[in-house]
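>>> show me the folded form of this:
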Amino acid sequence: MTAVVVIAAAAALACPLHMLWATRRGKRSACCPPRTSSDLARLRTRQRALGAQIASTAESVPGREASL
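This is a model prediction of the structure:
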């Protein structure tokens, strides 16, 4: 049981420490937002397009209710 707790604690600390280390080296981590407003605008446009695609796909499947 103690080994499981130690492994879980190590895993819980590994990700934030890796992100901090990568940030200090000047690299972006996976959870960072886009750096520029144009990147953010492209991301929002793509998310809206994907949302519309999901909605149209959900409407085209008979007998299924949308769970949004």
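
>>> all contacts plus neighbour counts: C-alpha atoms, from now on.
Fine.

>>> now stretch 2-12: mean pLDDT?
Per-residue pLDDT over stretch 2-12 has a mean of 90.

>>> show me what it is in contact with.
Stretch 2-12 has contacts (C-alpha atoms under 8 Å, 6 or more residues apart in numbering) with no other residue.

>>> for that stretch, C-alpha coordinates in CSV please.
C-alpha atoms of stretch 2-12 as CSV (Å, rounded to 0.1, in the frame of the first residue of the first chain):
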residue,chain,number,x,y,z
THR,A,2,2.8,2.4,0.8
ALA,A,3,4.4,1.8,-2.5
VAL,A,4,1.2,2.7,-4.3
VAL,A,5,1.0,6.0,-2.4
VAL,A,6,4.7,6.8,-3.2
ILE,A,7,4.2,6.1,-6.9
ALA,A,8,1.0,8.2,-7.0
ALA,A,9,2.7,11.1,-5.3
ALA,A,10,5.7,10.9,-7.7
ALA,A,11,3.3,10.8,-10.7
ALA,A,12,1.4,13.8,-9.3
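
>>> make 13 the starting number, not 1.
All right, first residue 13 from here; so that's stretch 14-24.

>>> distance from the chain centre to that stretch, please.
The chain centroid and the centroid of stretch 14-24 are separated by 24 Å under C-alpha atoms, centre = their mean, to the nearest Å.

>>> residues near Ile66, how many?
Using other C-alpha atoms under 10 Å, the number of residues around Ile66 comes to 13.

>>> measure it to Val73 for me?
Ile66 sits at a distance of 11 Å from Val73 (criterion: C-alpha to C-alpha, to the nearest Å).

>>> mean confidence for the helix or strand hosting Arg56?
Using DSSP states H and E, Arg56 maps to helix 49-72. Rounded to a whole number, the mean pLDDT of helix 49-72 is 87.

>>> quick one: secondary structure of Gly38?
What DSSP: H, G, I helix; E, B strand; the rest coil gives for Gly38 is coil.
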